[in-house]
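Visitor: Fold the following and give me the result.
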Amino acid sequence: MRIPAEKFTQYALNYAKDYDKALAFELALGYNMDNFQLLIDNIHEHISQYEATPKGDLGFGMKYEVIMQITGANGKTAKVLTAWIDDVKTREMRLTNAYIDK
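Guide: Below you'll find the predicted structure:
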């Protein structure tokens, strides 16, 4: 399983790219650009505890959704939806999206 740092540094925690998503992560779990690696580590550590729901294959690989409870850097717990693809080209399971799930 690969979690590209860029998914957080260039999108999910980047206020300039996605203000609402970055704000949600910071308020709900205390994650921001300064501690993004802690979020990646947290996802890696807990992903196996949750069921992956298949979401279909549009020709690039089967997509999956995993909703998990994460306790963040601020000690609060929130649901985080993670999206994955089992990429047929690279033959790797890769994170494609993550956000606070309300």
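Visitor: Would you mark the buried spots in the helix or strand containing Tyr99?
Guide: Element membership for Tyr99 (DSSP states H and E) is strand 92-100. Residues of strand 92-100 classed as buried by neighbour count (16 or more other Cβ atoms under 10 Å): 93-95, 98-100. All C-beta atoms are positioned from the backbone trio N, CA, C, and that covers glycine.
Visitor: Show me what it packs onto, helices and strands only.
Guide: Packing contacts for strand 92-100, counted by 3 or more Cβ pairs under 8 Å, 6 or more residues apart in numbering; DSSP states H and E, involve helix 6-7, helix 19-29, strand 77-87.
Visitor: Provide the strand pairings for the last one, with the direction of each partner.
Guide: According to DSSP bridges, strand 77-87 has the following sheet partners: strand 61-71 (antiparallel), strand 92-100 (antiparallel).
Visitor: could the ones you listed be laid out in a markdown table, adding distance to Thr77 and mean pLDDT?
Guide: Formatted as a markdown table, the strands paired with strand 77-87 follow (distance: least, Cβ to Cβ, whole Å; pLDDT from 0 to 100):
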| stretch | distance to Thr77 | mean pLDDT |
| --- | --- | --- |
| strand 61-71 | 5 | 97 |
| strand 92-100 | 11 | 96 |
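Visitor: Redo those as JSON lines? Include distance to Glu51.
Guide: JSON lines is the format used below for the strands paired with strand 77-87 (distance: least, Cβ to Cβ, whole Å):
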{"stretch": "strand 61-71", "distance to Glu51": "7"}
{"stretch": "strand 92-100", "distance to Glu51": "15"}
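Visitor: out of these, nearest to Lys21?
Guide: strand 92-100 (5.4 Å; Cβ to Cβ).
Visitor: quick revisit: need the helices and strands packed on strand 92-100 in a markdown table with mean neighbour count, distance to Tyr64 and mean pLDDT, can you?
Guide: Listed next are those as a markdown table, based on neighbours: other Cβ atoms under 10 Å; distance: least, Cβ to Cβ, whole Å; pLDDT from 0 to 100:
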| stretch | mean neighbour count | distance to Tyr64 | mean pLDDT |
| --- | --- | --- | --- |
| helix 6-7 | 16 | 15 | 96 |
| helix 19-29 | 18 | 20 | 98 |
| strand 77-87 | 18 | 5 | 97 |
